[in-house]
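[1] could you look at this predicted model? Sequence included:
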Amino acid sequence: GQQVMQIPQYQHVQEGEDFTTYCNSSTTLSNIQWYKQRPGGHPVFLIQLVKSGEVKKQKRLTFQFGEAKKNSSLHITATQTTDVGTYFCRGAQKLVFGQGTRLTINP
Amino acid sequence: DAGVTQSPTHLIKTRGQQVTLRCSPKSGHDTVSWYQQALGQGPQFIFQYYEEEERQRGNFPDRFSGHQFPNYSSELNVNALLLGDSALYLCASSWDALNTEAFFGQGTRLTVV
């Protein structure tokens, strides 16, 4: 079945540094979604990517979908303490989540 | 407009017992999905309901079953509970079965002792 792998599993940065998490699928994805889960909270939808090579930005967050539609990335520029949490990608076709990347920030 | 609501918020059960968790989707949503999230792990897809039928199922045993009612609310039932079933159970709703943006509830924390 479809598997979605995320790396890294953990990332600790100094406030103001950049952060990137990568999502790789074993199969081609029709689309991919990104979610953020704060500690003790529930996943919250960030964005959905559909087109091959698509790039979308939300303020300091940049999302990319690979040309082959098998990988995606989330990049945060100049992290802030409010960015703390675990970031998950989800292959919307088969509803499979990656294991997530837990981001912690040193203020 | 209420979002996705789940009940109860916390639950403690004994091994071998049965449990029922409930979910009311966001207004206007007709598709409900259930996830199991162990501590420190990503949500694992259990199944999805649309038009009162199970449409997709993840890799979970038959002890996990569900139901969707005409008002789109849903239940997750787990029989013969095991210690390993202890987890956060998340319900997510969306406005169609094509898996657009999913809204998650706060979850039910199940502890099996």
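    Cool, the structure landed. Not measured: the values here are computed from a predicted model.

[2] phi first, then psi, for A:Gln9.
    Backbone geometry at A:Gln9, expressed as degrees, to the nearest 10, gives phi -80, psi -40.

[3] next up, the contacts around it.
    A:Gln99, A:Gly100, A:Thr101, A:Arg102 (Cβ atoms under 8 Å, 6 or more residues apart in numbering or on different chains). The C-beta positions use only the backbone N, C-alpha and C, and glycine is treated the same way.

[4] with B:Asn77 instead?
    B:Gln18, B:Val19, B:Thr20, B:Leu21, B:Phe64, B:Ser65, B:Gly66, B:His67.

[5] can you tell me the element it falls in?
    Assigned by DSSP states H and E, B:Asn77 belongs to strand B:74-78.

[6] tell me the confidence at the nearest residue to A:Gly66 once chain neighbours are set aside?
    In this structure, A:Gly66 finds its nearest non-sequential neighbour in A:Ser72, 6.4 Å apart by Cβ to Cβ, 6 or more residues apart in numbering or on different chains. For A:Ser72, the pLDDT comes out at 97.

[7] who does A:Ser72 form a beta bridge with?
    Beta bridges link A:Ser72 to A:Cys23, A:Phe65, judged by DSSP bridges.

[8] so how far is A:Ser73 from the nearest residue to A:His42 once chain neighbours are set aside?
    Nearest in space to A:His42, with sequence neighbours left out and distances taken as Cβ to Cβ, 6+ apart, is B:Phe104 at 4.3 Å. To A:Ser73, B:Phe104 is 23 Å away according to Cβ to Cβ, to the nearest Å.

[9] looking at those two, which is more packed in?
    B:Phe104 (23 against 17; other Cβ atoms under 10 Å in any protein chain shown).

[10] next, that one: phi, psi?
    Dihedral angles (degrees, to the nearest 10) for B:Phe104: phi -100, psi 150.

[11] cool, and A:Thr82?
    phi -70, psi -10.

[12] which pLDDT value goes with it?
    On the pLDDT scale, A:Thr82 gets 97.

[13] what pairs with the residue nearest the centre of chain B across the strands?
    Of all residues in chain B, the one closest to the mean position by Cα atoms, centre = their mean is B:Trp34, 3.2 Å from it. Here B:Trp34 shows beta-bridge partners B:Phe47, B:Cys91, assigned using DSSP bridges.

[14] write out the residues of chain A neighbouring chain B.
    Residues of chain A lying close to chain B by Cβ under 8 Å from any Cβ of the partner chain are A:1, A:6, A:31, A:33, A:41-45, A:48, A:88, A:90, A:92-100.
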